[in-house]
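Colleague: Sequence and predicted model, in that order:
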Amino acid sequence: MAERSTAAVDVADNSGDEPLTAKAGQSTSDGVAQNRERETDSDEAQGSGGTESPGKVSPPELHSGHKLARRYRLEECVTRLDGFSSWRAVDEKLRRAVGVHLLPADHPRARSVLAAARSSALLGDPRFVQVLDAVEENDLVYVVHEWLPDATELTALLAAGPLEVHEAYQMVTQVSQAMAAAHREGLAHLRLTPSAVLRTSSGQWRIRGLAVNAALRGISSNTPQRTDTEAIGALLYATLTQRWPYESDAYGLSGLPKGVGLIAPDQVRAGVHRGLSELAMRALANDGATASRHESPCTTPEELVKAIAEMPRIRPPEPAFTAPPEYQRTSYQQGSYGRPVPHAAQPVPTPTPPLQSRTGKALKWTVSALLIAALGLGSWQLADALMDRGKSDDTQPTRTTDGNDKNSEKTKPVKPIAIKGAQEYVAKGSPQAAGDVDKTYDGDSSTYWRSKSFVDGPNMNPAFKPGVGVVYDLGSQQTVTAASIGLRYPGDHTTIGLYATDSTSSSTPVDSMTRIGSITTSGTTAKITVSKKVKSQYVLLWITAMPYASGDQYSNAGYKQAITDVKFTG
């Protein structure tokens, strides 16, 4: 596929041969409220992607409180550089925080910034910070994008130390997959620095500034895929060692010692994961010098994704066991047994052994006599009762009971509940397979309703799609006690919840429904026992986690699931 990055960004091609990431500067703020960025006037820390000189263009004189399009109110300027500025703003129409890049319409990069923003917006991949608007108005060009107040820059994470090995593995996996998807659509980043990579509060990694950050600075590259791959290698190197893999310091990280060249992460810091260390070298050393095993270098994000897939999967660490606090003795229990007494102990007179006095001995003999008399009386009464029962059994006719005896215990039979209809529930985005919902209760296990294939998993990403499911109509108010669900794809893992709702409409939010049961399974069948029995005509079957499955005639490989049979019992 032809590369669209240079055409989309439309900047002068003045790149050199050095790696872009070797000289990466500070990024514009694209949505991290607590991590304001400080720009420098030069890009000395950046590498090959050359930059255009903006000339003598002055940034527009704007201030806090200024409104764009009578909608976006500027709040705080976080970057002012090279004739453009970046702001934290408020979208007063939707009442949410956004980010805004501003530059004059006669700026030499204005056209390329608009083109890059519109190309990035068309991608629509939730792994990237989304461009919401790109407008030229009143001698201004501005680009509006998402603002993520719950996200943290990789720069801030690395300030506290190297990342834990599973976190580094997740970062390089998700960033590589996202950039491979962008390059398949002809888009490149060209400024993939620690400031451009964010970790959300849910643990997902997102990338900001796709194509736009490079366009704002006039960066281009003859080999955009190689440039972005090398940048991912530098990010992985930094997460493993807390060092920048070049001689110059950047992003609050110290560079490598001068004159030693590029050395593997496991030679910089002890305890680095060997597989991730070699992966970083394969992405960084694109001229042939790779890690000790001399694997072929990775020159595109797609090759990097394949190399990660060939590695043994790195599991998350086991949760640390916290020992319970030491048992605190009360003042009544504290004494000289087993521990020193902090003060001089007062002499305590030795008490008389219990029941050794005259009165005690008399009491012992009295209690013993009473016990013997009670045992004798009880034995006589038991024998008399048994003899009377034997007589009554001989004189009274035998009585038989059957299942119709009113005094016998009855077990309520399990009653199947017929499904009268169904409708797909769409909480966000587009439907999955709305025309196939009736195949989940047609009695044929070979037919099914399916979801689409998702990149994130097993747990679904609420920012993109919180879940998928089907609402079933039971015909009348019913009390569901259990549900049996047939699934098409096994694996780790499927999470299903049952909710009682008041209609089949998707306008009723899941949070307002009554949760009556749930299950997490790795197999192809799920049996849910209802924990909260309520009467309802409509029941939502809601899937929030799906296993990874290979591609088929309907969808590509990814996280997905299909429902073959659903049965309710009351």
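Modeller: Structure's in. What do you need?
Colleague: my read: residue 437 touches residue 422, true?
Modeller: Yes - at 4.3 Å, residue 437 counts as touching residue 422 under the criterion of C-beta atoms under 8 Å. Where C-beta positions appear, they are placed from N, C-alpha and C, glycine not excepted.
Colleague: where do the contact lists of the two overlap?
Modeller: Residues touching both residue 437 and residue 422 by C-beta atoms under 8 Å, 6 or more residues apart in numbering: residue 470.
Colleague: For stretch 276-287, buried residues please.
Modeller: 276-286 (16 or more other C-beta atoms under 10 Å).
Colleague: Sketch out the low-pLDDT regions of this structure for me.
Modeller: Scanning the chain for pLDDT under 70 picks out the ranges 1-60, 286-294, 320-323, 326-358, 360, 383-412.
Colleague: quick one: the helices in it?
Modeller: All helices of the chain, identified by DSSP state H, fall at 5-9, 110-123, 154-159, 165-184, 212-217, 224-241, 265-268, 274-284, 301-310, 358-395.
Colleague: Go through these and pick out the most buried.
Modeller: helix 212-217 (a mean of 29; mean count of other C-beta atoms under 10 Å).
Colleague: Against which helices or strands is that helix packed?
Modeller: Helices and strands touching helix 212-217, by 3 or more C-beta pairs under 8 Å, 6 or more residues apart in numbering; DSSP states H and E, are strand 96-104, helix 110-123.
Colleague: want to throw those into TSV with distance to residue 568?
Modeller: Below are these laid out as TSV (distance: least, C-beta to C-beta, whole Å):
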stretch	distance to residue 568
strand 96-104	40
helix 110-123	42
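Colleague: closest to residue 163 out of these?
Modeller: When the helices and strands packed on helix 212-217 are compared by C-beta to C-beta, strand 96-104 sits nearest residue 163, at 25.4 Å.
Colleague: now that closest one and helix 110-123, what's the angle there?
Modeller: 150 degrees (axes from the mean of the first three to the mean of the last three C-alpha atoms, to 10 degrees).
Colleague: Tell me the buried residues in strand 96-104?
Modeller: By neighbour count on 16+ other C-beta under 10 Å, the buried set for strand 96-104 is 98-104.
Colleague: Could you list the paired strands of that strand along with their orientation?
Modeller: Strand 96-104 sits in its sheet next to strand 84-91 (antiparallel), strand 140-146 (antiparallel), going by DSSP bridges.
Colleague: can you put those strands in JSON lines and add distance to residue 502?
Modeller: Converted to JSON lines, the strands paired with strand 96-104 look like this (distance: least, C-beta to C-beta, whole Å):
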{"stretch": "strand 84-91", "distance to residue 502": "33"}
{"stretch": "strand 140-146", "distance to residue 502": "34"}
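Colleague: What is the neighbour count of residue 80?
Modeller: With neighbours defined by other C-beta atoms under 10 Å, the count for residue 80 comes to 13.
Colleague: Quick check: it vs residue 135, distance?
Modeller: 20 Å (C-beta to C-beta, to the nearest Å).
Colleague: With residue 208 instead?
Modeller: From residue 208 over to residue 135 (counting by C-beta to C-beta), the distance is 19 Å.
Colleague: Looking at the two, which one has more neighbours?
Modeller: Taking other C-beta under 10 Å, residue 208 and residue 135 do not tie; residue 208 has more neighbours (28 against 15).
Colleague: right, and the more buried one touches residue 147 too?
Modeller: No - using C-beta under 8 Å as the test, residue 208 is too far from residue 147 to be in contact (10.0 Å).
Colleague: could I get the strands paired with strand 96-104 as JSON lines with distance to residue 113 and mean neighbour count?
Modeller: Converted to JSON lines, the strands paired with strand 96-104 look like this (distance: least, C-beta to C-beta, whole Å; neighbours: other C-beta atoms under 10 Å):
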{"stretch": "strand 84-91", "distance to residue 113": "8", "mean neighbour count": "22"}
{"stretch": "strand 140-146", "distance to residue 113": "6", "mean neighbour count": "23"}
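Colleague: in the sheet, who's paired with residue 88?
Modeller: Beta-bridge partners of residue 88, as defined by DSSP bridges: residue 76, residue 99.
Colleague: Near residue 209, how many residues? Count them for me, please.
Modeller: Residue 209, neighbours per other C-beta under 10 Å, totals 28.
Colleague: And the nearest residue to it once chain neighbours are set aside, how close does it get to residue 534?
Modeller: Leaving aside its chain neighbours, residue 209 sits nearest to residue 196 (5.1 Å; criterion: C-beta to C-beta, 6 or more residues apart in numbering). Distance, residue 196 to residue 534, by C-beta to C-beta: 49 Å.
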